[in-house]
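Colleague: Coordinates for the following, if possible.
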Amino acid sequence: MSRSVKKPQQPETSGPDTAPRRGRAAAVGADAGGSAAAAFARAGFRDPALVLRWREIAGPEVARLAQPLKLADGPSGGTLTLRAVPGAALFLGHEKRALCERINAYLGGPFVTQIKFSQGALLAPPAPPRPQAKPGPLPPADPSRRYDGPEGLARALQALARRRAAQ
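Modeller: Residues are numbered from 1 along each chain as shown. As a prediction, the model looks like this:
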């Protein structure tokens, strides 16, 4: 006695609103730009340069004490909210006009007219990348020397062995 199994219908994947399936995994960074742009847009930053280049725009002294948190458009211009180290908001309050001028000069127009402060701990800056050790010579007894296969793969295995030996 044979029994027929009914297969569920597959949804159509080739329409104007859906992306075609590729059948393989994509690189992790492929969607990073879109996700980052959405996060910056939620905080009001149409252009992420203000956040990413904050140290260059504000100067190292101000960047040490405050970080951009939010940019809101208003009827009289934009209001930039900065997260400042507790106690530094008073000092930075005296620098508002000069800071607005520097920000607007960088952005190329009068985008920021007011600055507000929110006191709190700043996010730690990312750690600088560790310097990579130079790969040294490959030991004569390394197993990658005995690989008998395509030349390109042999070179890649030997380069990996050199890096491993350098660490």
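Colleague: Sketch out the low-pLDDT regions of the chain for me.
Modeller: Scanning the chain for pLDDT under 70 picks out 1-23, 25-26, 28-30, 126, 133, 167.
Colleague: And the strands in it?
Modeller: Taking DSSP state E as the criterion, the chain carries its strands at 66-74, 77-84, 112-119.
Colleague: among those strands, which is the most enclosed?
Modeller: Using mean count of other CB atoms under 10 Å, the stretch among these with the largest mean neighbour count is strand 77-84, at a mean of 20. For every residue, glycine as well, the C-beta is placed using N, CA and C.
Colleague: ok, that one: who's next to it in the sheet?
Modeller: According to DSSP bridges, strand 77-84 has the following sheet partners: strand 66-74 (antiparallel), strand 112-119 (parallel).
Colleague: returning to what we had before: quick one, which of the strands of the chain is nearest to Gln158?
Modeller: Nearest to Gln158 among the strands of the chain is strand 66-74; the distance by CB to CB comes to 45.5 Å.
Colleague: Select, out of the strands of the chain, the one closest to His94.
Modeller: Closest approach to His94 among the strands of the chain (CB to CB): strand 112-119, 11.4 Å.
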